[in-house]
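Trainee: Give me a 3D structure for the following:
(chains A and B)
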Amino acid sequence: MSIKIDRERCNGCGLAEEALCERICPGNLLFRGEDGRAAIRDARDCWGCAACVKECPQQAIHMYLPMQIGGRGSTLTARKKGHEILWTLRRPDGSEELFRIINERPEAVVNHTGAGGS
Amino acid sequence: MARGRWAVRVLHADVLVIGGGAAGCSAAITLRELDEDLDVVVVEKAHVERSGCLAAGINAINAYLNPGETPESFTEYVKRDSAGLIREDLVYSVARGLNEAAERLEGWGVPFVKDSHGRYLPRGKRSVWVRGEKIKPLMARALIYSGARVLNRVNMTNYLLAGGRVIGACGFSVREPKFYVILAKAVICATGGAAGIYRPNNEGPCRHKLWYPPFNTGAGYAMGIRAGAEMTTFEMRFIALRVKDVMSPTGALAQGARAAQINGRGERYLENYPDPSTPMRLYATVMENRQGRGPCFLDTTTLDPALSRRLKEAYLDMSPGILLKWADEGVEPHERPVEICGSEPYVVGGHGQAGYWVDIKRRTSLPGLFAAGDVAGGAPKKYVTGCMVEGKLAAEAAWQAIRSGDGARPMPEELLRRNIERELQWVMAPLEAETGFTADELEERLQKIMDEYAGGISCHYELCRHKLLLARDYLVQLRRDLARAKARNLYELLRVHEVIDRVYVARVLVEHLLHREETRWRCYQERVDFPHRDDENWLKFVNSRYDPVTDVVRIIERDYKELGESHEH
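Mentor: Have a look, this model is predicted:
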């Protein structure tokens, strides 16, 4: 199961030392190619965790199912916004379903002990 | 990439923590809370922000004591679910810390779903709902704020030993030609379990569509095995009941939405099997399929359609692939039963109980080395919160050991140099090979051997002596072939080492499977030549130690002990 990188949308995170997707891929699979844009070393090795889909500030990465396990063109993209994550599920017929899910307590203290957080 | 171009970096720390997951983060943060002068280094093969099991997030905390549950009742449950054989001392010590670990996660910013009284909303007796999509970045943030030093993208390969004591570990950067030698007064191993030992359900473009992360390849086990540490209960493999093809977890459907397991005829087949334990739910599914009553499903058609939307949200927090499956099939979750199947077998101590044989303080059999989380044995069903508790316990014991002066003695300079040179040569050898086997070829061989001779999916997880003996022979051969591995770059080198580690894990696994001549855990350890549970002879632990000189795995039997008695080294 895999991801696809839209090379038109990807800007390689500009001058950043490391692209965000390159930084967070748990399989060390993403890197910037010679054109400075993100690429995957071997699509077969992707776990499908969607970490890169959520992290990409350009929404240049989407998730899909390969044909082998019934993939017919649906995609998932995501965008981080404050303490929430916004997901877009796009069906093969073009219809969309949107989700807005909290992923961090807004009142959480930024203190490693966790003390004082109510 | 010649060896001469590699830079060797020698680092010194008070404590080295290997692995930046739930157990490792918890260990490092605890150490820094105990003593802010302590120099703690955490080494992670990916990036702590999104590494390991929690990379995709979670939608439930599966080990939590809801009102009415106690550490005693939790221990009793785990014992019953694990056919009566667990390390009760370890499980009890995990249970006592579960709720504090959950509160700690909330303090780090993980949103818990709450009821009208402000209590965590139960999903089952021992689990609660969370909106944990971001659990790993929040854990990593707490780790960074603790002041521990974090070394990302470094894959550890072996411990450094002096006089039988672990004094550090070596590893290589997966991004640049740098070799790390980290010397410490105490080492805590907190790596993940091992996926990819068996041939997976899916192939080709979907070969990594596993339930457990394919990047957890048993490095911590393999390092311990090669150093001669005592390991326990590898034979209690873990095989998960999962959503077919996308391998998504089933808890949100089965436990959260109370969807029943039905067979192809629409019958609730679990009623026809003796006990409702975790392995039995899988075994029943395998048997229904074998006896022509498959396929099996979780019956979501009885759900309130309004629940469908909430289910999709829960899956986005943990395993988004299943939403694509529903969308591609053109159905909503309540419109069609969800087909289920067994996963490939894994070796993982957070679910099963394979791992280092530890005492109550999480000390391994090697002085100076502690283990916590998926890599520590004897305590199944600890999950995220239990791994955090073990990390904390290991940290407290490591700190005590350091304070009492039980630190490592420095290795003589010349000996250290020779050790580093030998390790560097072994680690880099695949880069220097002109011809040889690729990581893919070695992996496919390993997975074929294990699938066909050591109880993989293709033989319904069944084991028997004669096939296991063949597995043993083929694995000995494969271990020799590892010396002919080749890699063209750092990524391939990482993948080669991931296969090397899994071959060591597989060899120990096969010896454990051979030794236990009974069937204690359905599917996990299903000996068709010894089909019954035999408490009279086998209510005991099967442990092992590998001897790297003779290349032999020696089995050690250890007594089962009831709560109140502890195992000492």
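Trainee: Wait, a strand at residue B:564?
Mentor: No - counting by DSSP: H, G, I helix; E, B strand; the rest coil, residue B:564 is not part of a strand but coil.
Trainee: What is the helix or strand containing residue B:314 packed up against?
Mentor: Using DSSP states H and E, residue B:314 sits in helix B:305-316. When contacts are defined as 3 or more CB pairs under 8 Å, 6 or more residues apart in numbering or on different chains; DSSP states H and E, helix B:305-316 packs onto strand A:96-102, helix B:321-329. All C-beta spots, glycine's among them, are computed from the backbone N, C-alpha and C.
Trainee: Packing partners of the longest one?
Mentor: Secondary structure elements in contact with helix B:321-329, counted by 3+ CB pairs under 8 Å, 6+ apart, are strand A:61-64, strand A:75-81, strand A:84-90, helix B:305-316.
Trainee: re the thing from before, what about the helices and strands packed on helix B:305-316, which gets the closest to residue B:402?
Mentor: Judged by CB to CB, the one of the helices and strands packed on helix B:305-316 that comes nearest to residue B:402 is strand A:96-102, at 40.5 Å.
Trainee: what about that closest one, distance to the chain center?
Mentor: 15 Å (CA atoms, centre = their mean, to the nearest Å).
Trainee: Mind listing residues that contact that strand?
Mentor: The contact list for strand A:96-102 (CB atoms under 8 Å, 6 or more residues apart in numbering or on different chains) reads A:83-91, B:111, B:131, B:133, B:312-313, B:316-317, B:327.
Trainee: In CSV, list the helices and strands packed on helix B:305-316 along with distance to residue B:233.
Mentor: Shown next, in CSV, are the helices and strands packed on helix B:305-316 (distance: least, CB to CB, whole Å):
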stretch, distance to residue B:233
strand A:96-102, 38
helix B:321-329, 31
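Trainee: Tell me the confidence at whichever residue of chain B sits closest to chain A?
Mentor: When scored by CB to the nearest CB, chain B has residue B:107 as its residue closest to chain A, at 2.1 Å. Listed pLDDT for residue B:107 reads 96.
Trainee: just residue B:24 next, same as before
Mentor: In this model, residue B:24 carries a pLDDT of 98.
Trainee: Counting by contacts, list what whatever helix or strand it lives in packs against.
Mentor: Per DSSP H and E, residue B:24 falls inside helix B:22-34. The helices and strands touching helix B:22-34, judged by 3+ CB pairs under 8 Å, 6+ apart, are strand B:7-18, strand B:40-43, helix B:135-146, helix B:383-403.
Trainee: quick one, that helix and strand B:7-18 angle?
Mentor: Our comparison of helix B:22-34 with strand B:7-18, counting by axes from the mean of the first three to the mean of the last three CA atoms, to 10 degrees, yields an angle of 90 degrees.
Trainee: show me where pLDDT drops low in the chain?
Mentor: Because you didn't say which chain, this covers chain A. A:1, A:108-118 (pLDDT under 70).
Trainee: meant chain B, my bad for not saying
Mentor: Checking chain B against pLDDT under 70 turns up B:1-4, B:407-409.
Trainee: mind running it again at 50?
Mentor: Scanning chain B for pLDDT under 50 picks out no residues.
Trainee: distance between the helix holding residue B:24 and the chain's centre?
Mentor: For helix B:22-34, the distance to the chain centre is 19 Å (CA atoms, centre = their mean).
Trainee: same thing with stretch B:393-401?
Mentor: With CA atoms, centre = their mean, you get 22 Å for stretch B:393-401.
Trainee: mind checking the SS state of residue B:513?
Mentor: Residue B:513 is classified as helix under three-state DSSP.
Trainee: How about it, nearest residue that isn't a chain neighbour?
Mentor: Distance criterion CB to CB, 6 or more residues apart in numbering or on different chains; nearest residue to residue B:513, sequence neighbours excluded, is residue B:235 at 4.9 Å.
Trainee: unless I'm mixing things up, that neighbour is touching residue B:519, no?
Mentor: No - counting by CB atoms under 8 Å, residue B:235 stays clear of residue B:519, with 10.6 Å between them.
Trainee: Give the intersection of the neighbour lists for these two.
Mentor: Counting by CB under 8 Å, 6+ apart, the residues touching both residue B:235 and residue B:519 are residue B:525.
Trainee: quick one: which of these two has more around it?
Mentor: residue B:235 (27 against 22; other CB atoms under 10 Å in any protein chain shown).
Trainee: check contacts around that one.
Mentor: The contact partners of residue B:235, by CB under 8 Å, 6+ apart, come to B:354, B:509, B:512, B:513, B:515, B:516, B:524, B:525, B:542.
Trainee: one more time with 7 Å, if that's ok
Mentor: B:512, B:513, B:516, B:525, B:542 (CB atoms under 7 Å, 6 or more residues apart in numbering or on different chains).
Trainee: Could you tell me how many residues sit around the second one?
Mentor: Around residue B:513 sit 25 other residues, with neighbours defined as other CB under 10 Å.
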